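Asks: sharing a model prediction with you, sequence too.
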Amino acid sequence: MKILLYIIALLWIASGTFVVVFTQKARDFFKKIFLTEKVKRLSVLPFALGIALIAGAFWYTEIFWFAFILGLLGISKGVYFYMAPPDQSKALMEWWFFKARSETVRLMGLVLFVLGIALFSYLR
C-alpha cells in the first residue's frame, strides 16, 4: 500500500510540475487523454484513486485525515462524473480544456504539486 501512495504522490508532483511549467503542452496532452464523449468511463480513475487513498488512510494512521479527505474528494468526483448528465460533464470538460485561462490551469497545477509534496512528506 505504501508503494501505491508513493506512486500517487509522485504522479501528482510530476503532473503538477508539467502543468505549471508547460501549460499549453500539458493542456494539449491531457486533452488527448481525457477529453472524450464517454465521461462515464473516465469516472473510474478518480473513483479508484479515492479508494486507494482511503485504503492508505486506514493503512497508515499518520496520514489518516489527509488521505481520507483526499480519498473522499476523489470518490465524490468519480461519482459526480458517473451520475451527472452527459451535457453537464461535457461542458465542464470543454470549459477546462478550451475556455479556462492559463493562470487558472497553472493554479490547479500548483495545487496538485503541493498536494503531492504533502502526501510524499507525510509518507516519509
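Replies: Good, I have the coordinates.
Asks: residue closest to the middle of this structure?
Replies: Residue closest to the mean C-alpha point of the chain, counted by Cα atoms, centre = their mean, is residue 46 at 6.6 Å.
Asks: any idea which helix or strand comes after the helix or strand that one falls within?
Replies: Taking DSSP states H and E as the definition, one finds residue 46 inside helix 44-59. Counting by DSSP H and E, the next helix or strand C-terminal to helix 44-59 is helix 64-83.
Asks: helices or strands next to the helix or strand following that following helix in the packing?
Replies: Counting by DSSP H and E, the element after helix 64-83 in chain order, helix or strand, is helix 86-94. Packed against helix 86-94 by the contact rule (3 or more Cβ pairs under 8 Å, 6 or more residues apart in numbering; DSSP states H and E) you find helix 39-42. Just so you know, the C-beta spots here come from the backbone N, C-alpha and C atoms, and that holds for glycine as well.
Asks: and the helix it packs on, average pLDDT?
Replies: The average pLDDT within helix 39-42 is 83.
Asks: neighbouring contacts of that helix?
Replies: For helix 39-42, the external contacting residues (Cβ atoms under 8 Å, 6 or more residues apart in numbering) are 34, 36, 81-82, 84, 86, 89-90, 93.
Asks: list the buried residues in it.
Replies: Neighbour-count burial for helix 39-42, counted by 16 or more other Cβ atoms under 10 Å, picks out 39, 42.
Asks: hang on, the earlier thing: these two touch, right, the residue nearest to the centre of the chain and residue 77?
Replies: Yes. Here residue 46 reaches residue 77: they are 4.2 Å apart, a contact under Cβ atoms under 8 Å.
Asks: what separates the helix holding residue 46 from the chain centre, distance-wise?
Replies: Centroid displacement of helix 44-59 relative to its chain, using Cα atoms, centre = their mean, to the nearest Å, is 12 Å.
Asks: between it and helix 64-83, how big is the angle?
Replies: Counting by axes from the mean of the first three to the mean of the last three Cα atoms, to 10 degrees, helix 44-59 points 160 degrees away from the direction of helix 64-83.
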